[in-house]
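Asker: no sequence on this one, just coordinates:
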Ligand SMILES: Nc1ncnc2c1ncn2[C@@H]1O[C@H](COP(=O)(O)O)[C@@H](OP(=O)(O)O)[C@H]1O
Ligand SMILES: [Mg+2]
């Protein structure tokens, strides 16, 4: 086993443990607080954050940037070559709606690129792992299977995944510019990237805001599965989106708009 594969197994255990504490809260009535940005922050975000930080500290000395502890000066963060980038509960809106489409996300970033990512959806009990340059796999019902972006969906028509809770008019224009038939599928959280990674969708265009912790872990899964995640400007076609999405290269933690692609099907 490579050292990244060993780390992936350890990180998977941490993600599952975070999933367990989230589920304990999910099954009860939960309190909703207001963060400064007005997004709903639940007890579950904080409980999962605490489990993940304790777990990562027990296996490595690397710095940790989590959505729930992101207030780290750029002067310090810009020095990091390797660090953990964590969204303890992505898809808070889906959590509150109780539709199961939320995830625990843990990524290892090296020189601005995701090297390892684990995405765990506790309600679905689906675990996605991406070890960039090595392998991508999914564990469901105790069964581990290799995944890749080769589509299991019709090549006759684009299957495009989009946000369930955050739509934008720019997506309509992007779809209108794609040649051929298309089908739009709504999904919450980083599961959208995982759908592309496992060949269940061709494209995920995001022409709306996200933060670096929202994408990093699933980005690793997509890369390891053979796909790409590139910066996308409004009005660009998939073929024009060639610059990789990168991490920790600027003070703002907001991502540029981006396109997740199964790549093999890019026109
Ligand atoms: N205005 C905004 N600014 C920054 N991020 C935003 C945003 N609106 C949505 N997001 C991000 O989009 C994520 C949800 O994406 P989606 O709608 O595709 O499921 C949210 O993650 P959280 O649920 O972890 O807060 C949030 O980080
Ligand atoms: Mg998030």
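Answerer: Yes, it's here. Quantities reported herein were computed from a predicted structural model and do not represent experimental measurements. Ligands and ions are numbered 1, 2, ... in the order given.
Asker: interface residues of this structure facing ligand 1?
Answerer: 39, 87, 90-93, 163, 165-166, 188-189, 209-211, 214 (Cβ under 6 Å from any ligand atom). To be clear about C-beta, it is placed using only N, CA and C from the backbone, and glycine gets the same treatment.
Asker: So which bits of stretch 140-154 are buried?
Answerer: 147, 148, 149, 151, 153 (16 or more other Cβ atoms under 10 Å).
Asker: need the strands for the stretch 151-267 of the chain, in chain order.
Answerer: Ranges of strands in the stretch 151-267 of the chain, per DSSP state E, counting those that start in this stretch, are 157-163, 181-187, 203-206, 228-231, 258-261.
Asker: Any chance you could list what contacts the second one?
Answerer: By Cβ atoms under 8 Å, 6 or more residues apart in numbering, the list of residues contacting strand 181-187 from outside reads 101, 156-164, 175, 195, 201.
Asker: what does the stretch 51-200 of the chain put close to ligand 2?
Answerer: 87, 90 (Cβ under 5 Å from the ion).
Asker: show me where the stretch 51-200 of the chain has helices.
Answerer: Using DSSP state H, counting those that start in this stretch, the helices of the stretch 51-200 of the chain run over residues 74-77, 92-97, 169-177, 191-197.
Asker: The second one packs against which elements?
Answerer: What it means is helix 92-97. Packing partners of helix 92-97 (3 or more Cβ pairs under 8 Å, 6 or more residues apart in numbering; DSSP states H and E): strand 40-42.
Asker: For the strand it packs on, the averaged confidence score.
Answerer: Summarised as a single mean, pLDDT over strand 40-42 is 59.
Asker: likewise stretch 62-76?
Answerer: Stretch 62-76 comes out at a mean pLDDT of 96.
Asker: i'd like the first residue to be 52 from this point on
Answerer: Shifting the count to begin at 52 puts that one at stretch 113-127.
Asker: Show the contacting residues for the residue of the chain positioned farthest from its centre.
Answerer: Distance from the centre of the chain peaks at residue 231, with 27.9 Å (Cα atoms, centre = their mean). Applying Cβ under 8 Å, 6+ apart to residue 231 gives the contacts 207, 208, 209.
Asker: confidence score at it?
Answerer: pLDDT, read off for residue 231, is 89.
Asker: Dump the contacts of strand 232-238 into a markdown table; add neighbour count and distance to residue 158 as well.
Answerer: A markdown table is the format used below for those (neighbours: other Cβ atoms under 10 Å; distance: Cβ to Cβ, whole Å):
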| residue | neighbour count | distance to residue 158 |
| --- | --- | --- |
| 152 | 23 | 19 |
| 207 | 7 | 34 |
| 208 | 12 | 32 |
| 209 | 21 | 28 |
| 210 | 24 | 25 |
| 211 | 20 | 24 |
| 212 | 24 | 20 |
| 213 | 22 | 22 |
| 214 | 19 | 20 |
| 215 | 19 | 22 |
| 226 | 15 | 29 |
| 246 | 22 | 18 |
| 252 | 28 | 21 |
